[in-house]
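1. Return a 3D structure for these sequence lines:
(one chain, ligands or ions: 1)
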Amino acid sequence: MSTFTVLNPATEEVVTEIQLLDIEETDAAIARSREAFLSWRTVSPGDRARLLRAFAEAVDSDRENLAQLEVLNSGHTIGNARWEAGNVRDVIAYYSGSPERLIGQQIPVSDGIDVTFHEPLGVVGAIVPWNFPMPIASWGFAPALAAGNTVVLKPAELTPMTAIRLAQLALDAGIPEGVFQVLPGKGSVVGQRFVDHPDVAKIIFTGSTEVGRQIMAGCAARIKPVTLELGGKSANVVFADSDLEAAAASAPYAVFDNAGQDCCARSRILVERSAYDRFMELFEAAVKGVVVTAPGDEKAEMGPLISAGQRDRVAGFIDESQVAFRGSAPDGAGFWFPPTVLTPTDPGDRVLHEEIFGPVVAVVPFDDEAEAIRIANDSDFGLSGSIWTNNVGKALRVSRGIEAGNLSVNSHSSVRYWTPFGGFKSSGLGRELGPDAPFAFTETKNVFISTKES
Ligand code: NDP
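-> Predicted structure coming up:
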């Protein structure tokens, strides 16, 4: 059996060794999941809701432990990690309301009645990335379980620790064996097996557009439904009539949070030319004020990158002649990279089009509303974005004009568990979260019942 050595990204010290599943073990877990599905689907809606509430409470009791595990495994700041553990609790609690609300329709027809049912799909395969190991896992497994499916979940090799703990908490809360299993392993082995296995009824994937494309092709061969949450190159559009101080003060956190390893990172800042110089002056002070330090420190606002490989990848995007200014980062061990601000002049520059997934942002001026929308849409991606203006009509026009799934006016929020989340264009397919998420894990069944006298 092969193993993976988990490193603390802030210190490069070994945290633990994780055993990786092979294909036979993956198949055995899928068989257990299929078996568990046959009884989980028959658990009454009220009991399924009660078990999910107990799961949410178990997560709540373990929040600090989960957060500390994420600091150790992923280098997330302790503040972020606490939020993430709380988010998992809230997501499970929110979807614990769903089993009793999977309401079908009663459709008028002649000679009978017609009703629809939302039937669970079966075994759902969730493939999770390393950037937000806890929340992204829960956005998949919570609504899937609520709708009566069982779940096999593959965490990223780099960050398996919190997912493994969540599976234990589910068991502790009384969720039956086999209903929610976490299977550490390689994407090319365990993840690929989810795609290929006939008993996995749906794939939910978050990660790179390249792997997402491969997964979609694999699912197409088997007519297997798939939800994809992929990359982003989101624009933060700052108009001259906005509260420039607030826009500049918040812009670093909209891109450097989680060291920029965020699919919603506002990694392009578009600034109206008449406000450009003032914005850059304010933005420089804000970037230099970002506290980049040991992630367990209560004051930390940004930690390290996840791995040496990711640090090399991010460094490969930097052309020193484009660097306007930088923030700070610790020296020594750990995969540190300072917040970095670029001012590319060529609209085709790769830093304006490729997902860097590190603390790097490119700033570009624009002349008017139409040009702002055109530049924002000059991307294969369309996940999120922000619009800063004090003109409500303009805010709405630009929000409607930008091709992205999650926009935020005079703020940078992207993900609320009770609102839908997902991307346009190469940023993905389908939506997670919000009130409709459980329906993405069901098939609609139509049943006609004759009332004709025989
Ligand atoms: P990947 O897309 O390779 O990884 C995401 C998940 O998919 C991991 O669990 C991975 O497993 C798994 N996986 C990899 N290959 C396959 C496969 N053939 N079949 C099934 N599952 C597979 O992302 P990377 O970790 O390589 O990151 C590279 C870049 O991707 C980042 O720099 C960033 O730009 C982007 N990315 C975007 C994310 C987002 O939230 N939109 C999240 C993560 C990355 P394992 O890692 O264990 O092999």
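2. where along the stretch 301-450 of the chain do the helices fall?
-> Counting by DSSP state H, counting those that start in this stretch, the stretch 301-450 of the chain has helices at residues 308-315, 369-376, 392-401.
3. closest to the ligand out of those?
-> Of all the helices of the stretch 301-450 of the chain, helix 308-315 sits nearest to the ligand, with 5.9 Å by CB to the nearest ligand atom. (Each C-beta comes from the backbone N, C-alpha and C, glycine too.)
4. as a whole number, average confidence for that closest one?
-> Taken as a whole, helix 308-315 carries a mean pLDDT of 98.
5. now do stretch 197-207
-> Averaging pLDDT along stretch 197-207 gives 98.
6. What are the buried residues along it?
-> His197, Val200, Ala201, Lys202, Ile203, Ile204, Phe205, Thr206, Gly207 (16 or more other CB atoms under 10 Å).
7. Kindly export it (C-alpha atoms) in PDB.
-> The C-alpha trace of stretch 197-207 is given here as PDB (Å, rounded to 0.1, in the frame of the first residue of the first chain):
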ATOM      1  CA  HIS A 197     -17.300   2.900 -11.800                       C
ATOM      2  CA  PRO A 198     -20.800   2.000 -12.900                       C
ATOM      3  CA  ASP A 199     -22.200   2.200  -9.300                       C
ATOM      4  CA  VAL A 200     -21.200   5.800  -8.800                       C
ATOM      5  CA  ALA A 201     -24.200   7.700 -10.000                       C
ATOM      6  CA  LYS A 202     -22.900  11.200 -10.000                       C
ATOM      7  CA  ILE A 203     -19.600  13.100  -9.700                       C
ATOM      8  CA  ILE A 204     -19.200  16.400  -8.000                       C
ATOM      9  CA  PHE A 205     -15.800  17.900  -8.600                       C
ATOM     10  CA  THR A 206     -14.000  21.100  -7.600                       C
ATOM     11  CA  GLY A 207     -10.500  21.700  -9.000                       C
END
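8. Show me the shaky parts of the stretch 301-450 of the chain.
-> Within the stretch 301-450 of the chain, not a single segment meets pLDDT under 70.
9. And the nearest residue to Gly97 once chain neighbours are set aside, how far from Val195?
-> Excluding the flanking residues, the one nearest Gly97 by CB to CB, 6 or more residues apart in numbering is Ala49, at 6.9 Å. Going from Ala49 to Val195 by CB to CB, to the nearest Å gives 31 Å.
10. returning to that earlier point: generate TSV for the helices of the stretch 301-450 of the chain, with mean neighbour count as supplementary columns.
-> Formatted as TSV, the helices of the stretch 301-450 of the chain follow (neighbours: other CB atoms under 10 Å):
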stretch	mean neighbour count
helix 308-315	16
helix 369-376	18
helix 392-401	15
